[in-house]
Structure formats: C-alpha cells, structure tokens
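In: turn this into a structure:
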Amino acid sequence: MAVSSLGLAFSLPCATIFNLSHLILAPLPTLAAKLNAKPLPSRFDQAPNPDQEPMPPSLWHNRRADYRDVQKSQKEEEEKRLKEEKEKQEKAKQAQVQAVRDVQQQAINANNQAVALGKAGRFADAIVQHEKACKLDPSSQEFKINLSAAYCMYGDQRLKAGDAGGAAHLYRKSLVVLSNNALAGNKLSQAIKKLGMDPTLADNRIGLGDQLAAGGDLAGATLEYTLAMQLEPGAKTYTKMGDISVRYGQVQNALSWYRQATVKNPSYGPAHRGAGFAYMMLKDYTQAASSLRKAVIADPDDRASGQALVEIWRKQVASQPTLAENHLGLGTALQLSGDLDGAEAEYMKVEQLDRSNPQIGPARNSLVKARKHKEADKHREAAETFFSQGLKREALSELAQAAMMEPNNARYQFQLGEYLEAAGDYQNALAAYRKSVLIDPRNEEGARRMRELVGQLNKDQQQQQQQQQHQQHQKQQSARLPEQVPAQRIQLARPQEEQPSPVAVNANYKGVESSPYAGSFRTHDESPAREVEKRDIIERTPPEIKSAPSFNETAPPQAVSAGNNSGSNSGVHPVLKQAAELEQKGDFNGAVEALKAALPDNLSNPEFHHRIGMDLVNLGQTSEAISELRIASALDPANRIFAEDLARVLKIHQKSLSSTGAGEGR
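Out: Next comes the predicted model:
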C-alpha cells in the first residue's frame, strides 16, 4: 500500500515535468517575447488613501551608530579644528608682527621728523613728535634721550627770552623723562636763581614742590621733593614724599615715608597726621587714632587731625555706647581738639559707667591743666593783639600773666623775649630767650636771638667803655694842661682789649628769672693753654665714628675730660674742679650729676653746659649732649672751641641716625 501511494505521488507530476523540460529545451528566441502590457501598479504610484492605516516605521530608523564610526568621526573633526586654530594663530602672529613693525616704523618716522624740526629751531613742534615716538615705542632709550634733550634746548630758548619760570618747567620735564640728565639739572638751578631763589636750600625746593602739587603737576612736585630730600633728608622732606605718594594712590609707600619722618623727628606733627589719614584710607582705625593723637599733641592748632580723631571715637561710641573706654577715648580726643566742655561731659559718662576706672583721675587732672592753659592762651592772644596795635606795655603785661600761669612754656618765654627786645630791654630779653632755650633745647631760633643779643650787648658795652675812657682821658689831659690842649683836639686812646665786666640784669617784670649777664661769658679757667688742650681733645676724637659712641672707647678718660686743671689754679670753680677729678677717674655719670646739681646757680655759665655736654658724649647720650653744647655755644658765641665741639657732636649724631635707620626700607 505504501509503495502504491509513493508511485502515485511520483506519477502525478510527470506531465508537468515534461512540459517544463520542453520549455527549457526550447530555443531562446521564443522566450524573449516583448511584453506590451502595462507594469503592475506600485504603492508609490497610488494616491494615499486616508482611510488606509500608515505602514509601521522601519526598525533601522533608530539604530545606534557603531562606536568605531563615532570615534573616527570625532577624530576627523578634532584634527580639522586643530588645523583651523593653528592656521588662525599663525595668521594672528603674522598680523601682530606686522603691526609691531608698523608701529616701530611710525615711531622712527616721528623721531626723525622731530629731529628735523629741532634742527630748524621749532622745539615745541619737535617735542610733540618726540612724545609721539616715545608713546609708540616706550622701550626705546634713544627716543627718551632725544625727548629730554629737546625739552632742555627749548628751556634754553625760553631762558634766553627771559621766561625763567617757563624754562624751569621745561627743565623739570627733561629730568622727569631722563633723571640722569645732569645738564638739565644744572640748567634748572640756573633758572631757579633767575627767579630769585637759592636752589641749594631744601625749603625753597619744598616750596616749589608745593606750588607744583597745588597746580596738578605731580611729576614736577615729586622731582622737587626728591631734590629737597637729597639736600636735607629731614622729617619735612620725608613727609612731603609721603604726601605726594598719597596723591598717586600709593598708600603703603606713603606710610613708609611717614615712618622714616617720625624716626628723624618723633615730634613732627605733619608726619603723624599724614600717617593717620593713610591708616584711615586702609580702614585701620586703631593705628589711625594713635597717629592722629600724636599729631594733635605735637601741634594743638592742627584742626584737621583733631576733627578726624574725634570722628573716629564718635563711631566707636556709637558702636558700643556702654563701654567706658570708648567714652574715655572720645573725651581725650575732644580735650585735645579744644572742646573742654565736651570732654568733661564724656568723663562724667565714664564715671557713671565705671566709677573705679583708674584712668579717670589722670584724665580729670589733665583737663584742669588744659583749662589753665586755655586761660593763659587767652592772655597770649590778647598780647598779640595789643602788640600788633603798637601797645607794647599792654602786650608785655598780658604776656607776663601768661608766663606766670605757665612758667615752663617755652613759647611764652620766647615771645616775651621778642616783646622785651622790641621795647629795648635787651638784658631781660636775653634772659627770656635763655629760659626758652633751657626749657626746649631744640629752640634754634631762641639760640640765634641769644647770640645776636649777646653781640649787641657786647658792642654797647664796648661803646660805653670807650666813652668812659674818653672822659677819663679828657679829665687827665685837662688836669695836666688845661690851657694848652683844647678838648676838641684830644686824641682818643685805643680801647684796651679786655673782657667787659659783668652787668646785672634787672628783672622789672614777673615771670622771668633774674640772671647776670657776663659779657663774653669766658670762665675762670678759660686760658689759651686750656683752649689748646680742648682742641687737642677734639682732634684726637676719630671722625669715622658711625654710631652714638662713648668717647672713652677711643681715648682715655683724662684725654676727653674738659678739665684737667690742677688744684694750684685757685680760679677754677670748685664744682668744675670736682667734675675734673671724677672725669680723670672715668666716672662720667658722677661728673654729670655734680654739674647738674650746681647748674641752677650757674645757668649763664657756658663752661658748665659745655662740660655737661662733653661728659654726656662720653656716656653715649649725644642727643642730650647736643642740647647742652648748643646752649654753651649760644651763651658764648665767640668761643671757637664750643662751636667746634658742637659741630663735631652734631656730625656724630647724624651718622648714628643714618646708621640706625639704614636697615629700614621705604
């Protein structure tokens, strides 16, 4: 059965197979018949049927790209970007180089044009082109030299035309461009001389700097202050350098200058004031208050510093009104600025907040002294008013009351000396000047007036002696030959060169001590041999001492001591003799103590001050020594030894200051 079925399966398609084989074996042309029928319609040719559902999207539409293709694409893009950037940088570099070359060429052209204008005498136009060249190429030293020279030559032209001020302005510009232009510096000095000022005085250069700073010429002002500092490196010039630094906005640099100024002179008010305002700019109000306080103490008339100090403490009180220290600080600031009633009110608040505050007692005492000083100052102001009106007696009366209220006020004593000198009372004026110098040894003006008065009194005394000798000579001649020698034909004898006798000082006013006027102020032991001995002492002192030394480090004590007179000289003052013995033993402290103990009774004796000064130098205390030596020189200005000793110690002190301040930077 199975076999028959299989045979049937194979028997059925036999006809079909035959037909297919027949077709295959048929010739090819019969199969290449041309079809003229239209192609079957496609779905793209048919109009979309809105009722028919859209076909689903292909599965390849959202297929993720292969990571190798992504990396390759990114690499190609990065290479393309780097290539473009490199080409762009290269083009920018070439453009920059070309621009620099163009600028340099423009600077060269401007410089060449300026040189041509300068040769033609058109310096103003030449300076414009030189400035353009320097602006285009600031690194060119040659352009700066040409600009500085053009300013200098233009200054010569203005100086010849009689415009000294304009010439000085141009010379300064020349030095600002090129600071080492020595020719411009010399020309500037000549122009300043033409203006009627001495260019070697620091105060004149500072005054010029102030004028330039007020006019906005900060570069010229800086130049003048720098030149003033080279002439006299003192507190004033350092302060000016700090002020101009503030104008430039360099606050830290300004503080450095102010610190150096206070090192030179700790009591110089403008330096403390500048430092206070600089600290305020830096928001450091603690340091600002400290500096402003010192400024007001140094100069009570400094209203700007006083107001700033009060404002700082008012802010402190506003921030912490229950803190007693803030009210105490505000009260002190008000007292220093002159508001004594306001200060008393603040001190009362301190007592209310903290009755056991240990500082309230001294504050109250200082307030009492301030009120007393204010009352004395009213008498001084009244004296100045009377003196300006020509009422000299009334002025002397008012100022004498001020001096009685504050006998240790150097200002009152000096002003009293001025009024007495104007009234013709030279002896009492000398006493007042002397007291002002004793109170404040740094009062150089008082020492100068003392020297002038001593010279005037010596001259008057010599004239009196000549008149007395003339009268005595007339009497002698008339007693011998009264009938033969007429008075008008008597020949005057030359006055003997001897020291004038002491003249007593009449203290006809209150507030000034009575002290004798001792002519030329030569002491008992002042002999030619003594002067030679002191000259040898000074010569043996090495000039290269760099700090405030003790003289006994370089010479034995007996060589430096001012008195080696033996006891055989009965004219030596016993205290001076005692000091000489102590100096020989090397006990300079004992010598100073002995001399100072006897000084109140010998204030007008220059030898005492000179000996104290020399002993203080041996102890290394040059500051105090200068004060004593200055008084001795003022009391006896004709003594060359005193002047030489003072000059030598001043040099030593100046070297010591420079050596101590060398380590501090600006």
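In: going forward, measure contacts and count neighbours with C-alpha atoms only.
Out: OK.
In: could you give the average pLDDT over the helix or strand residue 104 falls within?
Out: In the assignment (DSSP states H and E), residue 104 maps to helix 67-119. Mean pLDDT, helix 67-119: 88.
In: stretch 432-439 now?
Out: pLDDT averaged over stretch 432-439 gives 86.
In: please apply the same query to stretch 651-666.
Out: Averaging pLDDT along stretch 651-666 gives 57.
In: and the gap between residue 607 and residue 440?
Out: Residue 607 sits 19 Å away from residue 440, taking C-alpha to C-alpha, to the nearest Å as the criterion.
In: who has more neighbours, these two?
Out: Each of residue 607 and residue 440 has its neighbours counted (other C-alpha atoms under 10 Å); residue 607 has more, 25 against 16.
In: and the more buried one, helix, strand or coil?
Out: Three-state call for residue 607 (DSSP: H, G, I helix; E, B strand; the rest coil): helix.
In: surely it and residue 632 touch.
Out: Yes: under the criterion of C-alpha atoms under 8 Å, residue 607 makes contact with residue 632 at 6.8 Å.
In: residue 312: neighbour count?
Out: Neighbour count for residue 312, taken as other C-alpha under 10 Å: 19.
In: against residue 286, how distant is it?
Out: Following C-alpha to C-alpha, the distance that separates residue 312 from residue 286 is 9 Å.
In: same deal with residue 107?
Out: Residue 107 is 52 Å from residue 286, by C-alpha to C-alpha.
In: same check on residue 647?
Out: Using C-alpha to C-alpha, residue 647 is found at 41 Å from residue 286.
In: what's the closest non-adjacent residue to residue 267?
Out: Nearest residue to residue 267, sequence neighbours excluded (C-alpha to C-alpha, 6 or more residues apart in numbering): residue 298, at 5.7 Å.
In: surely the one you found touches residue 266?
Out: No: applying C-alpha under 8 Å as the test, residue 298 and residue 266 come out as separate, 9.2 Å apart.
In: just to revisit the earlier point, looking at residue 107 and residue 286 now, which is surrounded by more residues?
Out: Set side by side, residue 107 and residue 286 show more neighbours around residue 107, with 24 against 13, by other C-alpha under 10 Å.
In: where exactly do the helices run in the stretch 351-500 of the chain?
Out: Counting by DSSP state H, counting those that start in this stretch, the stretch 351-500 of the chain has helices at residues 360-388, 392-405, 410-422, 426-439, 444-480.
In: sketch out the low-pLDDT regions of the chain for me.
Out: The chain contains residues with pLDDT under 70 at 1-35, 37, 39-63, 65, 477-571, 655-666.
In: that one: strands as residue ranges?
Out: Here the chain has no strands by DSSP state E.
In: neighbours of the closest residue to residue 635 other than its chain neighbours, how many?
Out: Among residues not flanking residue 635 along the chain, residue 606 sits closest, at 5.7 Å (C-alpha to C-alpha, 6+ apart). For residue 606, the count of nearby residues is 26 (other C-alpha under 10 Å).
In: just how off-centre is stretch 115-124 within its chain?
Out: Stretch 115-124 sits 40 Å away from the centroid of its parent chain (C-alpha atoms, centre = their mean, to the nearest Å).
In: stretch 102-113 too?
Out: Counting by C-alpha atoms, centre = their mean, stretch 102-113 is centred 41 Å from the centre of its parent chain.
In: quick one: contacts of it?
Out: Outside stretch 102-113, the residues that touch it by C-alpha atoms under 8 Å, 6 or more residues apart in numbering are 126, 129, 130, 132, 133, 134, 136, 137, 143.
In: those residues in helices, which ones?
Out: If you go by DSSP state H, the contacts of stretch 102-113 have 126, 129, 130, 132, 133, 134, 136, 143 in helices.
In: compute the number of surrounding residues for residue 191.
Out: One way to gauge burial is a neighbour count; for residue 191, by other C-alpha under 10 Å, it gives 25.
In: that older thread, what about the residue nearest to residue 635, distance to residue 154?
Out: Noted for residue 606: a distance of 57 Å to residue 154, by C-alpha to C-alpha.
In: in stretch 639-658, which residues are buried?
Out: By neighbour count on 16 or more other C-alpha atoms under 10 Å, the buried set for stretch 639-658 is 639, 641-646, 648-650, 652-657.
In: ditto for stretch 253-267
Out: Of the residues in stretch 253-267, 253-264, 267 count as buried by neighbour count, 16+ other C-alpha under 10 Å.
In: ok, those residues vs residue 380, which is closest?
Out: The shortest approach to residue 380 among the buried residues of stretch 253-267 belongs to residue 267, at 23.2 Å (C-alpha to C-alpha).
In: so that closest one sits right up against residue 296, yeah?
Out: No: Residue 267 is not in contact with residue 296 according to C-alpha under 8 Å; the separation is 10.3 Å.
In: list the buried ones in stretch 158-173?
Out: Buried residues in stretch 158-173, defined by neighbour count with 16+ other C-alpha under 10 Å: 158-159, 163-173.
In: of the residues you listed, just say which sits nearest to residue 625.
Out: Closest approach to residue 625 among those (C-alpha to C-alpha): residue 172, at 41.9 Å.
In: isn't the closest one up against residue 188?
Out: Yes: counting by C-alpha under 8 Å, residue 188 is a contact partner of residue 172 at 7.0 Å.
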